[in-house]
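In: what's the 3D shape of this:
(one chain, ligands or ions: 1)
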Amino acid sequence: MFCKKCGSKVEPNDIYCNVCGNKLNSEKNINSINDSSVSMSTLALIFSFFIPILGLVFGAIGITRASQFKNYKTRNKCIIAIIISIVMIILNYLFYDKIMAILLEYIETQ
Ligand SMILES: [Zn+2]
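Out: Modelled structure (predicted):
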């Protein structure tokens, strides 16, 4: 990578440019955006069990961010979260139907 101010070659781990002293923060910015996709995927996994709709939303945001930075591990985590969310939505739906059936049966016997 190169310094944005003077154009001289710098190492990816350098914090300051050795030639002009310019602060090199582009790498740090990329890492913080990567971190946000990691936390998105964690939120997506947690929400997928309790609030599946939010699991889908965070999973979708996480996939978009992780894909931008080629963070395939995090992207896969988001895909798993979305699958769990969809399964939970289906299970909730089936469970809801059973509760309604039991309630209707109960009302009819009164
Ligand atoms: Zn420089």
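
In: Residues of the protein that sit close to the ion?
Out: Within the chain, the positions near the ion by Cβ under 5 Å from the ion are 3, 5-6, 17, 19-20, 22. Quick note: C-beta positions are derived from backbone N, CA and C, even for glycine.

In: Next, give phi and psi for Glu11.
Out: phi -80, psi 150 (degrees, to the nearest 10).

In: So for the residue lying closest to it once chain neighbours are set aside, what's the pLDDT?
Out: Residue nearest to Glu11 in three dimensions, not counting chain neighbours: Met1, with 7.9 Å by Cβ to Cβ, 6 or more residues apart in numbering. Met1 is assigned 82 on the pLDDT scale.

In: Met1 touches Ser8, doesn't it?
Out: No: Met1 lies out of contact with Ser8 (Cβ atoms under 8 Å); the separation is 10.6 Å.

In: Sort out for me which of the residues of the chain next to the ion are in helices.
Out: Assigned to helices by DSSP state H, none of these qualify.

In: Relative to Ile79, which of these is nearest.
Out: Taking Cβ to Cβ as the measure, Ile79 lies nearest Cys3 of these, at 37.8 Å.
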